[in-house]
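Visitor: would you be able to build a 3D model of this:
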Amino acid sequence: VKLGEGKEFTRKLLAEFLGVSADEIVLTRNTSEGNNLVSSGIDLKAGDEVLLFSDNHPSNLDAWKTKARRFGFTVRVIAQINPHPGDSYYLEAVVKQLTERTRVLGFTHLTSTVGDLMPARELCKMAREKGVLTLVDGAQSLGLIDVNLAAMQPDFYTSSAHKWPCGPKEVGVLYINRTVQS
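Guide: This next block holds a predicted model:
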C-alpha cells in the first residue's frame, strides 16, 4: 500500500513540476526505457518515416533504426551542426525534411554532447500542425532548465531523475500527452 501511495504522490509531484496532469505521467526506470516504450508503442509500417536529429542519444537513435529494419519504416536523420547555428537552422531543416509519410519527429531537448538547446516548443508546434507525433528526450533538460510541458506541448517527453535533479538511478518519467494516449 505504501509503495503504491508513494508512486501516486511522485506522479502528482512530477506532473505539477512539469505543468501537466498526473494522468499524463508514467514512472519508468530511465529515459531510455521511456523512449523505447514510445518507439515500441507507435504502430509504424513500411512507407512511414521517423525524422530524428543526429545528436540524439544512441539508445534512442539506434533503437529507432533497429525497429525500422524490423518493421520496414524509414528513419531519416538531420545533421546537427557545431557550434549551434541558431534555432532557424533546425526549424528550416525540419520543414525541408517533413513529408506526407513522416509520422514521428524525435529530438533531444538539450544535447549531452555540446549542450545545444533545441527550439522544442516551435518544433512541437510545427510537427503538430502537420499531424506528426513528437518525442522529446529530456534527459539533460529536466532539473537544469525550466521545463513546462504544457507550454512545449510535446506528444511524448522522457527523462531521468539521476541527472540534473540529482535523484536516485532507476527513476525516470514518460509524459504522454492526453491527446495521444489512445
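Visitor: give the contact list for residue 106.
Guide: 35, 50-53, 56, 60, 64, 134-137 (Cβ atoms under 8 Å, 6 or more residues apart in numbering). C-betas here are computed from N, CA, C, even on glycine.
Visitor: isn't residue 114 right up against residue 81?
Guide: No - contact between residue 114 and residue 81 fails when scored by Cβ atoms under 8 Å: they sit 9.9 Å apart.
Visitor: these two - which one has more neighbours?
Guide: residue 81 (15 against 11; other Cβ atoms under 10 Å).
Visitor: identify the residue nearest that one in space, chain neighbours excluded?
Guide: Using Cβ to Cβ, 6 or more residues apart in numbering and skipping residues adjacent in sequence, the residue nearest residue 81 is residue 89, 6.7 Å away.
Visitor: within the helices and strands, which one has that neighbour?
Guide: Under the criterion of DSSP states H and E, residue 89 resides in helix 87-97.
Visitor: spell out the residue ranges of the strands in the protein.
Guide: 25-28, 49-53, 74-78, 102-108, 133-137, 156-160, 172-176 (DSSP state E).
Visitor: of the ones you listed, which stretch is the most buried?
Guide: strand 156-160 (a mean of 28; mean count of other Cβ atoms under 10 Å).
Visitor: from the chain's centre, how far out does stretch 115-127 sit?
Guide: 11 Å (Cα atoms, centre = their mean, to the nearest Å).
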